[in-house]
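Enquirer: sequence and predicted structure, then a few things I'm wondering about:
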Amino acid sequence: MTETSSNGTVAYDVVDRIAWVRFNRPDKRNCMSPTLNRDMLEVLGLLEFRDDVGVLVLSGEGTAWSAGMDLKEYFRETEAKGLGATRDAQREAYTWWRRLRWYQKPTIAMVNGWCFGGGYGPLFACDLAFAADEAQFGLSEINWGILPGGGATKVATELMPMRKAMYHAMMGENLDGKMAAEWGLVNESVPLDALKDRVTAVAAVLLKKNPVALKATKDAVRRVGVLSYDDAEDYLIRAQEAANSYDNHGRKEGIKQFIDDKTFKPGLGAYDTSKQRG
Ligand code: ACO
């Protein structure tokens with residue numbers, strides 16, 4: 001059953017341990033207003049530690065994933081109220097993107113349509129991203145006279161080589177899903193009518209993995225990028241030991257099923273987590 005956030009700007013369903021969360025302002029191409037940003041934080045909070053949620057997918061109602069920040073409500077109307085209101089609005093947006101970046105559960109952006117500017121914040125926040133071939137990605141900021149702020153420039157340089165990031169930011173041209181995959185903005189692009197099935201299949205694989213190991217892994221991938229090799233080595237030792245304090249049995253069960261029981265091969269898939277104690 002579809003549920004909605006307090007102000008209706010976010011819709012979600014939980015089906016077979018996948019939380020399908022959707023930007024829900026299709027008539028405004030799902031652009032992010034302060035209200036939507038508050039609603040999204042509410043929904044992420046409601047879902048994060050639910051036992052019946054193993055993966056979160058973020059997509060959009062209608063023809064858009066998200067047309068970026070709401071130029072009227074987020075920029076013009078907020079700026080008219082002064083610097084304090086502007087900073088509050090920024091904080092609300094950045095807070096839910098940050099929460100999504102470090103979310104407890106694996107997250108997948110399912111980019112069904114338009115994805116512009118500020119939309120790159122939640123796009124990057126999701127661990128994996130799959131797009132429709134028909135989707136359009138753009139740093140359109142330059143087209144209306146600002147730089148790609150709100151982290152968008154950072155996202156472009158994190159995900160793309162410098163020349164491509166520079167071209168993307170300066171030219172204001174869009175990439176379709178296939179180009180977005182080639183340039184590194186998303187993992188893969190498939191035809192729109194195959195997108196949900198592909199994302200469901202990816203989520204099904206993630207749902208079979210040890211959830212403590214998944215959280216440790218996704219955090220590690222984000223953290224080590226800015227660390228020296230030595231610091232990364234040390235961080236990864238500590239991160240695994242911290243993960244062991246939540247789940248010290250899973251990896252032993254994994255070794256047992258491979259070495260003793262011979263019921264699976266780690267090189268070919270995940271161990272049976274249902275046999276795990278605790
Ligand atoms: N901010 C505010 N309103 C928006 C936004 C936005 N980012 N995007 C769409 N809308 C509104 C339109 O004003 C329109 O409202 P109305 O029905 O009250 O007139 C409604 O959504 C539908 O938009 P259309 O432009 O009619 O939809 P269409 O499908 O023809 O075009 C497109 C879609 C290409 C996404 C177009 O709406 C657009 O260019 N939007 C702006 C994209 C953008 O540059 N976003 C900002 C990025 S920069 C940043 O986020 C910091």
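Expert: Good, I have the coordinates.
Enquirer: for the rest of this, base every contact and every neighbour count on C-alpha atoms.
Expert: OK.
Enquirer: pull the CA atoms of the least confident helix or strand in the chain by mean pLDDT into PDB?
Expert: Least confident helix or strand of the chain, by mean pLDDT, DSSP states H and E, is helix 250-259 with a mean of 90. This file holds the C-alpha atoms of helix 250-259, laid out as PDB (Å, rounded to 0.1, in the frame of the first residue of the first chain):
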ATOM      1  CA  GLY A 250      28.400 -14.200  10.000                       C
ATOM      2  CA  ARG A 251      31.800 -14.400   8.600                       C
ATOM      3  CA  LYS A 252      32.500 -17.600  10.600                       C
ATOM      4  CA  GLU A 253      29.300 -19.100   9.200                       C
ATOM      5  CA  GLY A 254      30.500 -18.000   5.700                       C
ATOM      6  CA  ILE A 255      33.800 -19.800   6.100                       C
ATOM      7  CA  LYS A 256      32.100 -22.900   7.600                       C
ATOM      8  CA  GLN A 257      29.600 -23.200   4.700                       C
ATOM      9  CA  PHE A 258      32.500 -23.000   2.200                       C
ATOM     10  CA  ILE A 259      35.300 -25.000   4.000                       C
END
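Enquirer: in that helix, what counts as buried?
Expert: 250, 251, 253, 254, 255, 257 (16 or more other Cα atoms under 10 Å).
Enquirer: residues in the chain within reach of the ligand, list them.
Expert: Applying Cα under 6 Å from any ligand atom, one finds that the chain approaches the ligand through 27-29, 31, 67-72, 114, 116-118, 140-141.
Enquirer: all strands of the stretch 51-200 of the chain, in order?
Expert: For the stretch 51-200 of the chain, applying DSSP state E, counting those that start in this stretch gives strands covering 55-60, 64-66, 107-111, 114-116, 128-132, 136-138, 175-176, 188-190.
Enquirer: residues near the residue nearest to residue 103 when sequence neighbours are not counted, how many?
Expert: Spatial nearest neighbour of residue 103, chain neighbours left out: residue 48 (7.1 Å); criterion: Cα to Cα, 6 or more residues apart in numbering. Residue 48: 19 surrounding residues under other Cα atoms under 10 Å.
Enquirer: next one: phi and psi at residue 48?
Expert: Phi and psi for residue 48, reported as degrees, to the nearest 10, are phi -60, psi -40.
Enquirer: same question for residue 245.
Expert: Main-chain dihedrals, residue 245, degrees, to the nearest 10: phi -70, psi -20.
Enquirer: what do you get for the one 4 residues further on?
Expert: Backbone torsions of residue 249, given as degrees, to the nearest 10, read phi -100, psi -30.
Enquirer: swap in residue 105?
Expert: Dihedral angles of residue 105 (phi, psi; degrees, to the nearest 10) stand at phi -100, psi 160.
Enquirer: distance check, it against residue 169.
Expert: Going from residue 105 to residue 169 by Cα to Cα, to the nearest Å gives 31 Å.
Enquirer: spatially nearest residue to residue 79 (excluding sequence neighbours)?
Expert: Nearest residue to residue 79 in three dimensions, chain neighbours excluded: residue 86, at 5.5 Å (Cα to Cα, 6+ apart).
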